[in-house]
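In: 3D, please:
(one chain, ligands or ions: 1)
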Amino acid sequence: MNLEEKVKSEINCCINILSDFLEVKIKEKPRLSFAKRDLSGYNPKYKVISISEKDAGSGISYFEEISHFFRDYIFPQNEKNIKIDEFFGRLGESIGRNLVENTKFAYFFENEKPRNYSNKDFFKEECDLWLNFWSSNIENGEIKRNMFNNSKVKMGLITKFVYDVGNCLTNKDLDFKEIVKIVENYEKCSKGVGFELEFNDLVGKGKNFNELKDDLISCLERYKMNKNNYKKIINTYEKLKTFSNKNGENLRRMKKHIKRSRLVSKNRLEDLYCHLIGYTVAEQFIKNDTEFMEKAPIVFRQNNETIYNYYFLSDFMKPYYLIIINSVLRKFLEMREKKLFRHKI
Ligand SMILES: [Zn+2]
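Out: Numbering: from 1, shown residues only. Okay, here's the model as predicted:
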């Protein structure tokens with residue numbers, strides 16, 4: 001049996017153990033996937049339990065993902081609530097640990113201590129980690145946005161410059177003075193606008209905008225002295241046009257990228273926060289209720305609202321919410337200091 005087959009057969013054992021415990025006879029087993037990936041997970045849409053290679057043999061991962069499957073099986077919901085899903089994920093770990101204790105499957109948890117998110121120091125650390133991730137995300141977003149806006153202004157000037165020069169060149173009588181005016185105007189406007197993004201790096205080899213612009217001016221100087229240089233002027237102008245088009249395109253691509261990268265981070269942030277809360281509520285339930293094993297099959301059949309009101313709003317969660325409020329306030333003040341928030345709090 002190779003590792004993949006071994007993992008899949010272990011998961012099937014765990015599914016049977018949990019199915020007996022919860023008294024849920026499943027008509028259709030979830031699909032199993034085992035591969036090199038960052039995280040293990042359960043996909044309710046396709047009913048797939050995915051175990052990452054590094055989680056092979058891990059009772060924590062097996063029972064967490066299988067619990068997600070059972071909760072979803074008993075209580076298929078259109079709208080997912082990550083916090084409550086993760087409550088079941090963490091519950092699954094403890095249920096599994098209890099069920100395989102002193103059986104031939106005890107080895108699933110041999111090398112794994114119970115997770116302890118509800119340890120207040122750990123909870124606070126996790127909370128700060130999550131908040132730091134969130135704030136650095138805003139900070140980076142702000143830096144990127146500033147860079148982008150700055151570059152957009154500069155790019156606008158370049159586009160206008162190329163457009164105006166192009167207009168002059170299509171004129172039959174090339175007016176050298178007109179072009180000099182355009183150059184002067186460009187230089188005046190572009191003062192103080194830093195070229196934040198290295199456009200040349202994006203375009204690849206070739207001259208940068210200022211070099212091309214200087215080329216154009218020296219071509220014009222020569223043209224003024226002897227009118228034979230028109231072809232060179234057009235050549236240089238074409239290079240400027242290519243530069244402007246390519247970088248305009250790059251800028252548009254960058255805008256999409258910035259938008260998308262912030263969206264991904266937003267989901268990731270929500271994910272971190274919901275895991276922290278869901279796991280902690282589950283651990284507090286396990287610690288505070290000696291009958292949690294007897295109650296667990298019932299809890300799996302309760303709706304989200306009941307679970308939220310009863311466990312998430314329980315007194316035992318108060319100290320944790322206070323830690324969150326404290327940490328969030330501290331972070332807000334720190335960010336206001338950095339002027340990342342303009343409004344008062
Ligand atoms: Zn989970």
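In: For the residue positioned nearest the centre of the chain, report the pLDDT, please.
Out: Per Cα atoms, centre = their mean, the C-alpha nearest to the average position across the chain is that of residue 265, at 2.5 Å. As predicted, residue 265 sits at a pLDDT of 71.
In: The closest residue to it other than its chain neighbours: which element?
Out: Spatial nearest neighbour of residue 265, excluding adjacent residues (Cβ to Cβ, 6 or more residues apart in numbering): residue 137 at 4.9 Å. All C-beta atoms are positioned from the backbone trio N, CA, C, and that covers glycine. Using DSSP states H and E, residue 137 sits within helix 120-170.
In: From the contact counts, what lies against that helix?
Out: helix 176-190, helix 209-225, helix 230-288, helix 318-337 (3 or more Cβ pairs under 8 Å, 6 or more residues apart in numbering; DSSP states H and E).
In: Can you name every helix or strand that the shortest one contacts?
Out: Yep, that's helix 176-190 we're talking about. helix 120-170, helix 209-225.
In: and that helix, average pLDDT?
Out: Taken as a whole, helix 176-190 has a mean pLDDT of 83.
In: Give me the residues contacting it.
Out: Identification of contacts with helix 176-190 by Cβ atoms under 8 Å, 6 or more residues apart in numbering yields 154, 157, 160-161, 164-165, 168, 171, 213, 216-217, 220, 223-224.
In: Tell me the one of those residues nearest residue 230?
Out: Distance to residue 230, by Cβ to Cβ, is smallest for residue 223 among those, at 6.6 Å.
In: Assess the claim that residue 71 and residue 88 are in contact.
Out: Yes: between residue 71 and residue 88 there is a contact under Cβ atoms under 8 Å: 4.4 Å.
In: Common neighbours of the two, please.
Out: Counting by Cβ under 8 Å, 6+ apart, the shared contacts of residue 71 and residue 88 are residue 300.
In: Next, count neighbours for residue 300.
Out: Applying other Cβ atoms under 10 Å, we find 23 residues neighbouring residue 300.
In: quick one on the thing from earlier: closest to the ion among the contacts of helix 176-190?
Out: When these are compared for distance to the ion (Cβ to the ion), residue 154 comes out closest, at 46.1 Å.
In: Check what pLDDT the closest one gets.
Out: 83.
In: what's the answer for residue 103, then?
Out: Residue 103 carries a pLDDT value of 94.
In: Just give me the neighbour total for it.
Out: 10.
In: Regarding it, what is its secondary structure?
Out: The three-state label given to residue 103 by DSSP: H, G, I helix; E, B strand; the rest coil is coil.
In: Which positions in the stretch 51-200 of the chain make contact with the ion?
Out: Proximity of the stretch 51-200 of the chain to the ion, by Cβ under 5 Å from the ion, involves residues 86, 89.
In: Which strand or helix spans the closest residue to the ion within the stretch 51-200 of the chain?
Out: For the stretch 51-200 of the chain, the residue closest to the ion is residue 89, as judged by Cβ to the ion, at 3.2 Å. Secondary structure from DSSP H and E places residue 89 in helix 82-100.
In: dump the residue contacts of residue 169.
Out: Contacts for residue 169 were tallied using Cβ under 8 Å, 6+ apart; they are 233, 234, 237.
In: quick one: pLDDT of it?
Out: For residue 169, the predicted pLDDT is 84.
In: so what's residue 307 up against?
Out: Neighbouring residues of residue 307 by Cβ under 8 Å, 6+ apart: 84, 87, 299.
In: for those residues, which one is nearest residue 11?
Out: Nearest to residue 11, judged by Cβ to Cβ, of the contacts of residue 307 is residue 87 at 21.3 Å.
In: Got the phi and psi for the most far-flung residue of the chain relative to its centre?
Out: For the chain, the residue at maximal distance from the C-alpha centroid (Cα atoms, centre = their mean) is residue 226, at 59.5 Å. Main-chain dihedrals, residue 226, degrees, to the nearest 10: phi -140, psi 120.
In: Please apply the same query to residue 105.
Out: Torsion angles at residue 105 (phi, psi; degrees, to the nearest 10) stand at phi -100, psi 10.
In: residues touching it, list them.
Out: 13, 14, 17.
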